[in-house]
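> below are the sequence and a predicted model; questions follow.
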Amino acid sequence: MRARSHLGVVAILSITALAMSGCAGASHPPLFANPALLGKHHTTGSSPIQHIVIIVQENRSFDNLFATFPGARGATTGQWKTKSGDKTQTLSAGDLYLPDDITHCNAAFKIAYDGGKMDGFNQERIGVCALRGLGNNKLAGAYPYQYVNPSLIAPYWDIAKQWVLADAMFQTQGSGSFTAHQDLIRGGTAIDGTASDPNGTQSLIDNPSQMPWGCDSPPGSKTKLITIAGKYLTNGPFPCSNKFPSYPSGDYETLRDLLDGAGISWKYYSPCFVGSPKGCCHKACGGESGAVLNAFDVIYPVRYGSEWGTNVSMPETNIFNDVTNGALPGVSWVIPEDKNSDHPGHQAHRIDAGPQWVASVVNAVGESTYWDSTAIIVVWDDWGGLYDNAVPPFQDKYGGLGFRVPMLVLSPYARPGSTVQGGYVSHTQYEFGSILKYIEQNFGLGSLGTTDERATSIGDIFNYEQSPRQFQPIPSKLDAKYFQAHSGKPQHGDPE
């Protein structure tokens, strides 16, 4: 997806910057500006950051995790669409564990978004989307209108109180995890760009029809495409077919291409799944996260090259060994198992150890010699059907921007917050391309030419001239040793 700002991005809201105080229960959603019209961030001086760790969690909106965080633009009420008009719905405070998944494909996004009214979350469905739409699942009703009691996600709030919470990070597309994870390695999912039309006319959207999502998928798998005209095709080429991606033309490059070209090390730490390197997994191998969230299973030259099982490192707990053994790469993506991912609807596990998992990775890096030269980014891949009050600031030709998700950042050079607030709350508008842009700028990689071109870098979160901040361990019930011992195995008495 090349330089979408050249495709005539249409702003759907006023681009006037509005000063807004953080207010839990705000009755009006915050407005954000079109990034194409904002000044670009330029870092000053040479960067001390040599390692960037991106921890990718699952399916939570900003309001679901941080509705009441001081100074952030959260809300504890939302709009509910009825035949007679909108009504105000109070968000209930509940558990992190949610027994049911909510549809969160592009069709569900459009229903919840409702032309910017943000009142259709009650008309999403319980269950997963079919290739051709929401299916016949029951209406979600009040289920999306909830936020997690802060005491149940203490590690996330502890990080936000000490470091950085971004309250204007938006998904690249209003869609599910498949495209989101592609966006986090390349900034878009256009599949037919050419030299004469680098933007392409078709883009992958939503999740493929069968698992695994990539080269290991069974025959007959399909993808959905969204065209530049806003129409859908449901018989698109499946990732890793002979038509996708179009290597060696480079039309579907990822950060891997730029990093390899610059000699910067990288790893994608992923749960194991069928097709993983022999001997890397427990017998319980085959969990859903490994099968669907390994973004590089889509990339043919990685899946069938020397980087599979090396740069793509399985299981995900290998990051602990690499930190201990002095082998942390320049750029890391860290993907959790289902039970540690925050994803709603995993009935078998009955709990979510996501906050403890994140804390264990953060603490492993923070208490190591890597801390002085590292930036840790925690981001959630999509909204998971859960309510959020912030209207996406613009819509492009490919289903984005999507809804707002949380982002946390830790680093010795992260800007401190006020003495009252503790952590720094960034109100700068970001998208997933903002993370990629920061990586590109930090290592001098050049640009992929996707949404990284239009996005505002997250570089304004850092101040390289300040005295490096000391790391304080994030309190957590579970540590790295626990997750290493339980990787690929049932957790907390879960059934075999």
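Received, thanks.
> so Asp206 touches Ser175, yeah?
Yes - the pair Asp206 / Ser175 is scored as a contact, 5.4 Å apart, by Cβ atoms under 8 Å. Just so you know, the C-beta spots here come from the backbone N, C-alpha and C atoms, and that holds for glycine as well.
> ok, those two, which is more surrounded?
Neighbour count, other Cβ atoms under 10 Å: between Asp206 and Ser175, Ser175 has more, with 32 against 28.
> mutual contacts of Asp206 and Ser175, please.
Residues touching both Asp206 and Ser175 (Cβ atoms under 8 Å, 6 or more residues apart in numbering) are 105-106.
> how about the helices in this protein?
62-66, 106-113, 154-162, 177-186, 255-262, 288-292, 300-303, 318-324, 354-366, 432-443, 480-486 (DSSP state H).
> which ones are touching the closest residue in space to Gly133 that isn't next to it in sequence?
The shortest distance from Gly133 to any non-neighbouring residue, by Cβ to Cβ, 6 or more residues apart in numbering, is to Ala107 (5.1 Å). If you count contacts by Cβ under 8 Å, 6+ apart, Ala107 has them with 129, 133-134.
> same list, the residues you listed, but as CSV with pLDDT and neighbour count please.
Below are these laid out as CSV (pLDDT from 0 to 100; neighbours: other Cβ atoms under 10 Å):
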residue, pLDDT, neighbour count
Cys129, 86, 25
Gly133, 72, 17
Leu134, 78, 18
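> so which of those would you say is closest to Cys272?
Cys129 (26.3 Å; Cβ to Cβ).
> isn't the closest one up against Phe109?
No - using Cβ under 8 Å, Cys129 is not in contact with Phe109, being 10.1 Å away.
> got the helices of the chain as TSV, with mean pLDDT columns?
Listed next are the helices of the chain as TSV, based on pLDDT from 0 to 100:
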stretch	mean pLDDT
helix 62-66	98
helix 106-113	95
helix 154-162	97
helix 177-186	96
helix 255-262	96
helix 288-292	68
helix 300-303	88
helix 318-324	97
helix 354-366	98
helix 432-443	98
helix 480-486	93
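> pick the most deeply packed of these.
Comparing those by mean neighbour count (mean count of other Cβ atoms under 10 Å), helix 62-66 ranks first with a mean of 29.
> helices or strands up against it?
For helix 62-66, the elements it packs on are strand 146-148, helix 154-162, strand 164-170, strand 404-410, judged by 3 or more Cβ pairs under 8 Å, 6 or more residues apart in numbering; DSSP states H and E.
> which regions of this structure sit below the pLDDT cut-off?
1-45, 132, 135-136, 192-200, 230, 241-251, 274-290, 346-351, 419-421, 489-496 (pLDDT under 70).
> from the contacts of Ala107, which is closest to Gln210?
Out of the contacts of Ala107, the member with the shortest distance to Gln210 (by Cβ to Cβ) is Cys129, at 13.8 Å.
> what sits against that closest one?
Taking Cβ under 8 Å, 6+ apart, one finds 103-105, 107-108, 135, 176, 206-207 in contact with Cys129.
> same check, this time on Asn321
So Asn321 contacts Ala327 (Cβ under 8 Å, 6+ apart).
> please report how far it lies from Glu307.
Using Cβ to Cβ, to the nearest Å, Asn321 is found at 18 Å from Glu307.
> do Tyr413 as well
30 Å.
> same check on Glu465?
Glu465 sits 37 Å away from Glu307, going by Cβ to Cβ.
> who has more neighbours, these two?
Neighbours were counted for Glu465 and for Glu307 using other Cβ under 10 Å; Glu307 has more, 19 against 8.
> if I read this right, the more buried one contacts Arg256, doesn't it?
Yes - contact criterion Cβ under 8 Å: Glu307 and Arg256 qualify, at 7.5 Å.
> what do those two both touch?
Phe296.
> which residues does the closest residue to Gln162 other than its chain neighbours contact?
Setting aside the residues directly before and after it, Gln162 is nearest to Gly423 in space (Cβ to Cβ, 6+ apart), at 5.6 Å. With contact set as Cβ under 8 Å, 6+ apart, Gly423 has these partners: 159-165, 417.
> repeat that for Glu316.
Per Cβ under 8 Å, 6+ apart, neighbours of Glu316: 269-271, 334-337, 487.
> what's the spacing between Tyr424 and Asn463?
10 Å.
> now do the shared contacts for these two.
Counting by Cβ under 8 Å, 6+ apart, the residues touching both Tyr424 and Asn463 are Arg415.
> look at the two and report which has more neighbours.
Shown here are Tyr424 and Asn463; by other Cβ under 10 Å, Tyr424 has more neighbours (20 against 16).
> the closest residue in space to Leu436 that isn't next to it in sequence and Lys83, how far apart?
In this structure, Leu436 finds its nearest non-sequential neighbour in Asp452, 4.5 Å apart by Cβ to Cβ, 6+ apart. Separation of Asp452 from Lys83 (Cβ to Cβ): 43 Å.
> and of the helices and strands packed on helix 62-66, who's closest to Ser46?
strand 404-410 (19.7 Å).
> just the angle between that closest one and helix 354-366, please?
On the basis of axes from the mean of the first three to the mean of the last three Cα atoms, to 10 degrees, strand 404-410 is oriented at 30 degrees to helix 354-366.
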